[in-house]
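Participant: using only what follows, build the 3D model:
(one chain, ligands or ions: 1)
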Amino acid sequence: MSETTVIPVAGTDGMKDYAVHVGRGILDSLGELLPPRAEKVLIVHAPALAARAEALREQLGDRQVLLAEVPDAEGAKRVEVAAFCWQILGQTDFTRSDVIVGLGGGATTDLAGFVAATWLRGIALVQVPTTVLGMVDAAVGGKTGINTAEGKNLVGAFWAPRAVLCDLALLDTLPRNEILAGYAEVVKAGFIAEPEILELVEADPERATDPTTPEFRRAVELAIAMKARVVGEDFTEQGLREILNYGHTLGHAIEHAERYRWRHGAAISIGMMFAAELSRLTRHLSDEAVDRHRRILDSLDLPTTYPAGRWPTLLATMRRDKKARGSLLRFIVLDDIGRPTTLQGPDESLLFSAYQEIAS
Ligand code: GLY
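Facilitator: Numbers count the residues shown, from 1 in each chain. This next block holds a predicted model:
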């Protein structure tokens, strides 16, 4: 077992402090992160993780461990699936001192978090993300939620976990394109706050994205530590937390246009390229910094262009984005690498000009 890095997250808004534990082969420390008083554990997991969940059940020994297998990806984030979990909790007399474990990608941990936040008005939660996206973003920071027919994440709660366990060895068997798509959130952390991540990718994109290397671990830990700092200051997204949405305003519109069949990271890669171009037009971000975005994203085989004719549809979708305040569109832009700021209500002609720079 490798050494574990413990990244603290400060609790705000009535939530307790917790930590994100990062290492390789550290899954067997899960028992130490559960509340000592918890007699029952519900592991919410995706189908592909059934064997892993079963192994955890055996590992947790004398506790009563229940398994809730939920559909893959966004199929998990439905009220019927939450109700299935509530039913298990009800039928097994789950109490306030018991604990839910979310084992899977971002959709699974979002659902597990939502079930933990709502059962008996909130019970303990430990997140065990199994994807890059889950480790550096979804499982850290306490955003939980499910989708409705009208849109993504429309129902949810801010509910901080008791701990997050990131075992990098879980990533070893993931397909490379899955790693790269998740890695878009790692380079996002680089662009908005941690240029060392960008340097790691520039030095050797292969090693920076190989879960077995120290470079990968360093980049992921930097991204998690960045997120921990941000959510420790602004848990409920009153201000600072919004910087995490760099590339997401257009990225969400692309995901919608692609009927959610694209990986999130691919959509936000284009969104970051657009945000960089918009930053050049509105905040004097240098040509070199914009080119750096393109070089880095290209080196990770992430897309940086989108069809020219899609602009009217994307604009209409962005206007509906829940992050629009009143009628004004909001974008996170950069004054420089590592210096994000908010751009509110930009002129449509500026948006169109930035889009032309990324249009294919
Ligand atoms: N994924 C953005 C956030 O957690 O605020």
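Participant: nearest residue to Val140 other than its sequence neighbours?
Facilitator: Closest residue in space to Val140, ignoring its immediate chain neighbours: Lys227 at 5.1 Å, by Cβ to Cβ, 6 or more residues apart in numbering. For the C-beta atoms, the positions are set from N, CA and C on the backbone; glycine is no exception.
Participant: correct me if wrong: that neighbour contacts Leu244.
Facilitator: Yes. Contact criterion Cβ atoms under 8 Å: Lys227 and Leu244 qualify, at 6.8 Å.
Participant: thinking again about what came up before, helix or strand for the residue nearest to Val140, which one?
Facilitator: Applying DSSP states H and E as the criterion places Lys227 in helix 214-233.
Participant: so which residues on the stretch 101-250 of the chain come close to the ligand?
Facilitator: With Cβ under 6 Å from any ligand atom as the criterion, the stretch 101-250 of the chain meets the ligand at residues Asp137, Gly141, Lys143, Arg241, Leu244.
Participant: ranges for the helices of the stretch 201-350 of the chain?
Facilitator: Assigned by DSSP state H, counting those that start in this stretch, the stretch 201-350 of the chain shows helices spanning 205-208, 214-233, 248-257, 264-283, 287-299, 311-320, 348-358.
Participant: now stretch 41-61, how far from the chain's geometric center?
Facilitator: The chain centre lies 22 Å from the centre of stretch 41-61; the measure is Cα atoms, centre = their mean, to the nearest Å.
Participant: who's sitting farthest from the centroid in the protein?
Facilitator: Asp62 (32.7 Å; Cα atoms, centre = their mean).
Participant: give me the pLDDT value at that residue.
Facilitator: What the model reports for Asp62 is a pLDDT of 87.
Participant: now the common contact residues for Lys227 and Leu244.
Facilitator: Asp137 (Cβ atoms under 8 Å, 6 or more residues apart in numbering).
Participant: thinking again about what came up before, how many neighbours does the residue nearest to Val140 have?
Facilitator: As a burial measure, Lys227 scores 25 neighbours (other Cβ atoms under 10 Å).
Participant: list the buried residues in stretch 201-213.
Facilitator: Neighbour counts over stretch 201-213 (16 or more other Cβ atoms under 10 Å) mark Val201, Pro205, Ala208, Thr209, Pro211, Thr213 as buried.
Participant: swap in stretch 340-356?
Facilitator: Applying 16+ other Cβ under 10 Å to stretch 340-356 flags Pro340, Leu343, Pro346, Leu351, Ala354, Tyr355 as buried.
Participant: possible to save the helices of the stretch 201-350 of the chain as JSON lines with distance to Thr108?
Facilitator: Putting the helices of the stretch 201-350 of the chain into JSON lines (distance: least, Cβ to Cβ, whole Å) gives the following:
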{"stretch": "helix 205-208", "distance to Thr108": "26"}
{"stretch": "helix 214-233", "distance to Thr108": "18"}
{"stretch": "helix 248-257", "distance to Thr108": "18"}
{"stretch": "helix 264-283", "distance to Thr108": "14"}
{"stretch": "helix 287-299", "distance to Thr108": "27"}
{"stretch": "helix 311-320", "distance to Thr108": "26"}
{"stretch": "helix 348-358", "distance to Thr108": "32"}
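Participant: deepest-packed of these, please.
Facilitator: Highest mean neighbour count of the helices of the stretch 201-350 of the chain: helix 264-283, a mean of 25 (counted as mean count of other Cβ atoms under 10 Å).
Participant: hmm, that one touching the ligand?
Facilitator: No. Helix 264-283 lies out of reach of the ligand by Cβ under 6 Å from any ligand atom, never closer than 9.5 Å.
Participant: what's the angle from that helix to helix 348-358?
Facilitator: Taking axes from the mean of the first three to the mean of the last three Cα atoms, to 10 degrees, one finds helix 264-283 and helix 348-358 inclined to each other by 130 degrees.
Participant: helix 264-283 to helix 311-320, inter-axis angle?
Facilitator: For helix 264-283 against helix 311-320, the angle by the same axes, to 10 degrees is 90 degrees.
Participant: now helix 264-283: how far from the chain's centre is it?
Facilitator: 18 Å.
Participant: and for stretch 341-352?
Facilitator: 25 Å.
Participant: now the terminal residues of it, how far apart.
Facilitator: 20 Å (Cα to Cα, to the nearest Å).
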